[in-house]
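**Q** Fold the following for me, if possible:
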Amino acid sequence: MLLSTVMPAVTAYDPLSPASKQMQQTTGLAGSVAGMFFGNSVGLAAGGTALVSNLRAALFPNTEFRSAIAQASDGGALAFCTKEKAPAARTRLAYLWAYRIPDLKRPDIGITGGTYVPLGSKSTLHLKTVAVELKELARAREWRLIPVAGGEASSVPVTLGGAPDSLLLDLSKFRLPAGDYQLSATWDWDPLNLGTVHLRPYSDFSHVQVAAVSKGQLLEGKGLVSVKLTGADFEFVDKVDLQKVTPKLTKPTEVNFELLGGRSHGEQQTMTVEIDTTAAGAYRLLLAQSDGVNHTVPVEVLPANPVISNLPMHVNLGEESQALRIKGKGLERVESFSSDAGPMTGIAEHGGWSGQIKLNSTAKSGQRYALVLKVQGVDAPVTVPDAILVVGQRPRILSRLKSLPQDLNIELREDELPAGIDVGLVMATGQLYDSSSPASGRPRLELGCRSGESRQSLTLAPDEHIGTGATLSFAGPDSLYLSLDPGTVGYPGCELAARVAVELQGTSDWFALGRVLRIPRLDHFTLTSETLGPEYLSGCSERPRSGCDREGGLG
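**A** Residues are numbered from 1 along each chain as shown. Predicted coordinates for the structure are as follows:
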């Protein structure tokens with residue numbers, strides 16, 4: 001081919017055949033032309049097998065050819081293995097090696113899985129291929145990214161990845177604009193397209209936060225909780241660690257996370273992370289993308305939700321406004337209480353909450369309502385179902401009738417109860433039972449002084465004997481009969497009161513039964529002959545009488 005180019009006239013001749021006349025004529029011309037390129041020392045010999053040897057000496061004077069074995073090295077260069085013998089003086093070395101042109105058809109290969117790649121980093125692309133095709137892919141060259149929207153292609157380093165079915169695309173030293181690109185290479189002299197690669201910048205995690213719906217789940221003692229994060233594109237997240245902040249920083253622990261669309265499969269506006277809620281306190285999540293940089297997201301595991309212990313709480317019909325007392329644990333963290341049962345007002349106190357509730361006019365006996373708690377640090381309200389039970393009207397004592405022994409021989413006022421004597425009291429209570437609440441218990445009567453200290457407070461149930469001599473029984477469907485010595489409960493001067501309680505319907509207001517007093521009692525008297533002076537008869541007339549009035553004098 002070289003000889004035909006230099007001397008077109010010899011195209012029809014075999015250069016290795018015996019010398020012909022035309023060959024001899026053209027040899028001089030070929031030598032002249034070669035001399036123009038290589039100098040006057042060049043000479044061409046035509047004819048026979050000497051032609052090849054002469055061409056070598058003429059075209060490559062003072063050159064020693066050595067065979068070499070070529071091997072690929074880092075960076076796409078070639079490394080040669082050959083003899084170490086030094087060349088002869090004034091001789092230059094030329095190396096010859098064989099490169100096998102692939103006798104293979106272009107592989108049917110393409111990118112599969114995640115094709116979204118972060119800019120400025122190394123990324124692994126997975127391939128849909130077979131082992132033989134992937135092995136031959138090392139022969140591809142001139143890797144480049146071609147903008148889908150049009151523009152100049154950019155050469156990029158691509159090597160076989162660590163996994164058997166992957167490529168490693170290195171963009172760490174390139175500044176390409178974000179967009180969609182075709183990943184291409186050259187196979188022999190033909191282009192080889194592997195598919196579309198979407199180049200995207202790394203996300204900014206400065207606005208990442210725990211979703212409101214998940215904050216209420218981060219409660220102490222709930223075990224592993226799946227928490228949703230929002231506020232960024234999480235598609236390039238490679239690793240998530242959890243670190244406790246209080247009382248001091250602890251060693252980060254890797255936690256599980258999930259991207260619903262899969263990593264490198266496009267924009268992911270949410271991510272789910274598992275958080276251990278064994279202990280309450282402040283934590284932080286360390287989110288690392290494929291660039292290895294940690295981004296901090298604060299997280300707080302709250303104490304367990306408040307627990308109400310006195311459930312259900314009973315609310316009576318027929319009350320304009322009634323007291324409501326809520327007891328339990330963690331109630332100091334509750335900012336407010338509310339219920340569909342009616343408006344609530346009150347204040348928190350140690351270990352509970354005290355206030356008032358005004359029951360809705362539409363409420364019915366037996367109806368149950370939920371209690372809604374607004375807890376500090378928890379966005380979503382905490383709902384306690386069936387916390388309030390509507391029951392019938394509260395029991396009440398409407399009136400009382402007093403019964404005294406007939407031989408008392410002393411006049412007492414209506415509100416006076418003599419100590420030391422059994423007194424009978426009939427109390428009209430109105431309706432004691434709620435017909436819609438068959439679980440209503442037996443009534444119980446509580447006795448005590450309304451002020452001061454009583455000697456003994458008593459609680460009695462109908463037909464119950466407690467050893468004090470006091471008894472309680474039914475005097476009718478809506479009345480109770482109480483028999484007792486007032487002095488066993490109250491001291492002289494105390495106002496004895498009673499209230500009646502039914503388990504579901506609650507407790508009545510205090511009702512005054514009377515004032516306890518000691519009455520005079522004459523055990524015996526003795527007559528003497530001594531005459532009383534006028535000073536002892538100041539309250540009586542001088543005429544002998546059987547006695548004087550209550551205001552003074554003899555009795």
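**Q** Which residues does His64 form beta bridges with?
**A** To be clear, residue 64 is Glu; His isn't right here. When assigned by DSSP bridges, Glu64 has beta-bridge partners Leu93.
**Q** State the distance from it to Cys81.
**A** 17 Å (CB to CB, to the nearest Å). Backbone N, C-alpha and C define where each C-beta goes, glycine included.
**Q** out of those two, which sits in the more crowded spot?
**A** Glu64 (13 against 10; other CB atoms under 10 Å).
**Q** What residues does Gln322 make contact with?
**A** Contact analysis of Gln322 by CB atoms under 8 Å, 6 or more residues apart in numbering lists 315-316, 356-357, 359.
**Q** Identify the farthest-apart pair in those.
**A** Asn316 and Gln356 (12.8 Å; CB to CB).
**Q** and the closest residue in space to Leu458 that isn't next to it in sequence, what element?
**A** Once flanking residues are discounted, Leu458 sits nearest to Leu447: 4.5 Å by CB to CB, 6 or more residues apart in numbering. Using DSSP states H and E, Leu447 maps to strand 444-449.
**Q** Just give the strands next to that strand in its sheet, each with its orientation.
**A** Strand 444-449 pairs in its sheet with strand 458-460 (antiparallel), strand 495-502 (antiparallel), by DSSP bridges.
**Q** tell me which of the contacts of Gln322 is nearest to Leu285?
**A** Ile357 (42.2 Å).
**Q** returning to what we had before: could the strands paired with strand 444-449 go into a markdown table alongside mean neighbour count and mean pLDDT?
**A** Below are the strands paired with strand 444-449 laid out as a markdown table (neighbours: other CB atoms under 10 Å; pLDDT from 0 to 100):
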| stretch | mean neighbour count | mean pLDDT |
| --- | --- | --- |
| strand 458-460 | 18 | 90 |
| strand 495-502 | 21 | 92 |
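**Q** Contacts only, for Ser399.
**A** Counting by CB under 8 Å, 6+ apart, Ser399 has contacts 427-428.
**Q** And for Cys449?
**A** Here Cys449 is in contact with 489-491, 494-497 (criterion: CB under 8 Å, 6+ apart).
**Q** Pick out the most distant pair among these.
**A** Greatest spatial distance among these (CB to CB): Tyr491 and Ala497, at 13.7 Å.
**Q** Confirm for me that Tyr283 is in contact with Thr296.
**A** No. The pair Tyr283 / Thr296 is not scored as a contact, 10.5 Å apart, by CB atoms under 8 Å.
**Q** right, and Val241 touches Thr253 too?
**A** You called it Val, but residue 241 is Asp. Yes. Using CB under 8 Å, Asp241 is in contact with Thr253, at 6.4 Å.
**Q** any idea which element Val301 lies in?
**A** Going by DSSP H and E, Val301 is part of strand 294-301.
**Q** List the neighbouring strands of the next helix-or-strand element following that strand plus their orientation.
**A** Proceeding N to C from strand 294-301, the next assigned helix or strand is strand 307-308, under DSSP H and E. Taking DSSP bridges as the criterion, strand 307-308 forms sheet pairs with strand 322-329 (antiparallel).
**Q** quick one: the strands in the stretch 301-450 of the chain?
**A** Applying DSSP state E, counting those that start in this stretch to the stretch 301-450 of the chain gives strands spanning 307-308, 313-316, 322-329, 334-339, 344-349, 352-357, 368-375, 382-391, 399-403, 416-418, 423-428, 444-449.
**Q** Next, the contact list for Leu169, please.
**A** Shown in contact with Leu169 (CB under 8 Å, 6+ apart): 117, 122-125, 156-158, 183, 197.
**Q** hey, what's it bridged with?
**A** Here Leu169, judged by DSSP bridges, has bridge partners Ser123, Val158.
**Q** ok, it to Trp143 distance?
**A** 8 Å.
**Q** Could you tell me which residues touch both of those two?
**A** Residues touching both Leu169 and Trp143 (CB under 8 Å, 6+ apart): 156-158, 183.
**Q** in the stretch 51-200 of the chain, which spans are helices?
**A** For the stretch 51-200 of the chain, helices defined by DSSP state H, counting those that start in this stretch occupy the ranges 131-136.
**Q** Name the spans of it whose pLDDT lies under the cut-off.
**A** 51-55, 58, 75-76, 99-103, 129-133, 162 (pLDDT under 70).
**Q** Going along the chain, name the strands of it.
**A** Under DSSP E, counting those that start in this stretch, the stretch 51-200 of the chain gives strands at 63-67, 69-72, 78-81, 92-96, 110-112, 116-118, 122-128, 141-147, 154-155, 158-160, 166-170, 179-187, 190-200.
**Q** What are the contacting residues of the fourth one?
**A** Strand 92-96 has contacts (CB under 8 Å, 6+ apart) with 60, 62-68, 80, 82, 87.
**Q** Buried ones from those residues, can you make that a ChimeraX selection?
**A** Those of the contacts of strand 92-96 that count as buried under 16 or more other CB atoms under 10 Å are selected in ChimeraX with:
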select :68
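**Q** tell me the two of the contacts of strand 92-96 that are most distant?
**A** Maximum distance among the contacts of strand 92-96 (CB to CB): 20.8 Å, for Asn62 and Phe80.
**Q** Pass me the low-pLDDT residue ranges in the protein, would you?
**A** In the predicted model, the chain carries pLDDT under 70 at residues 1-4, 6-55, 58, 75-76, 99-103, 129-133, 162, 433-441, 452-456, 535-555.
**Q** Domain-wise, how is it divided?
**A** 2-61, 67-96, 110-200, 209-301, 307-391, 399-517 (automatic domain parsing).
**Q** close enough to count as contact, Glu258 and Met271?
**A** Yes. The criterion here is CB under 8 Å, and Glu258 meets it with Met271 at 7.1 Å.
**Q** Out of the two, name the residue with the larger neighbour count.
**A** The residue with more neighbours, out of Glu258 and Met271, is Met271; 23 against 12, by other CB under 10 Å.
**Q** nearest to Trp97, of the strands paired with strand 444-449?
**A** Closest approach to Trp97 among these (CB to CB): strand 495-502, 107.8 Å.
**Q** Can you list the neighbours in contact with the closest one?
**A** With CB under 8 Å, 6+ apart as the criterion, strand 495-502 contacts 395-397, 417, 427, 429, 432-434, 440-451, 480, 482, 486, 489-490, 507-516.
**Q** Show me just the buried residues among these.
**A** Neighbour counting by 16+ other CB under 10 Å classes 395-397, 417, 427, 429, 432-434, 440, 443-449, 480, 482, 486, 489-490, 508, 511, 513-516 among the contacts of strand 495-502 as buried.
**Q** So what's the residue count around the residue lying closest to Lys244 once chain neighbours are set aside?
**A** Closest residue to Lys244 apart from its sequence neighbours, by CB to CB, 6+ apart: Thr250 at 4.4 Å. Residues contacting Thr250 under the criterion other CB under 10 Å number 12.
**Q** So Thr250 versus Gln243, what's the distance?
**A** Thr250 is 6 Å from Gln243, where distance means CB to CB.
**Q** got it, and Pro520?
**A** With the distance defined as CB to CB, Pro520 ends up 85 Å from Gln243.
**Q** So for those two, which sits in the more crowded spot?
**A** Using other CB under 10 Å as the criterion, Pro520 and Gln243 rank with Gln243 on top: 16 against 6.
**Q** name the element the more buried one belongs to?
**A** Residue-wise, Gln243 maps onto strand 237-244 under DSSP H and E.
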